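Novice: Compute the structure for the input listed below.
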Amino acid sequence: ISQLNTRLDGNGGFNGETGLGYRFGDFRSDLTFGYSNFGGVRQTLSASGIGSATRDASGDLQLFTAMLNGYYDIPIRAADGTRSRLSPYLGAGIGYGNLSIPDCSFSSDCYEGGSLSGFAYQGKVGVSYRETERGFAFLEGSFLGMTGSELNGVDYDNFGSWRVNVGW
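Specialist: Below is the predicted model:
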């Protein structure tokens, strides 16, 4: 008996988050709420020893997150001791994720889509530019992950997404 495996792959997509935070010297934290949409989802069914088939899935992957993040701003100081407006930083966060999975698009051996909820985590590296005393523009790269789970009899591995964020 061969095992039937299902894999979903998404193309690039849209990511947005909004949040509110506070600075404690070189450290800061924020609470963010995010939304990601990954279009161009393809589904691959494979059976060991038999082969595989790939089809376009019937919708997009959508991810909603609520994250508590912490950051360390690496201080850059001028010769006179003043702090530069430019500041590289490292960040990490933990929270909650909800992933909406589309229905499968194969006519047989299908499963229903639905929502997976689980523990979410992320790591960030970026650079910020202090525009005002309380406002910063930033550019960052991040990895967002979510633990796997079971949905309608299908086991899903951990979900992961590399992202580039630009914001204020």
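
Novice: where does this protein have low pLDDT?
Specialist: Across the chain, residues meeting the criterion (pLDDT under 70) sit at 1-10, 40-41, 43, 45, 47, 55-58, 104-112, 153-155.

Novice: And the strands in it, which stretches?
Specialist: Secondary structure of the chain, counting by DSSP state E: strands at 4-9, 13-24, 27-38, 42-47, 51-56, 61-73, 86-101, 114-130, 136-146, 149-151, 154-156, 159-167.

Novice: and the angle for the second one with strand 159-167?
Specialist: Angle of strand 13-24 versus strand 159-167, following axes from the mean of the first three to the mean of the last three C-alpha atoms, to 10 degrees, is 70 degrees.

Novice: What residues does the residue nearest the centre of the chain make contact with?
Specialist: The residue at the geometric middle of the chain, judged as the C-alpha nearest the mean C-alpha position with C-alpha atoms, centre = their mean, is Leu144 (3.3 Å). The contact partners of Leu144, taken as C-beta atoms under 8 Å, 6 or more residues apart in numbering, are Gly34, Ser36, Leu63, Thr65, Gly97, Ala120, Tyr121, Gln122, Gly160, Ser161, Arg163. Where you see a C-beta, it was placed from the backbone N, CA and C, and this is true even at glycine.

Novice: Just the buried residues of stretch 24-36, please?
Specialist: Counting neighbours by 16 or more other C-beta atoms under 10 Å, one finds that the buried residues in stretch 24-36 are Arg28, Asp30, Thr32, Gly34, Ser36.
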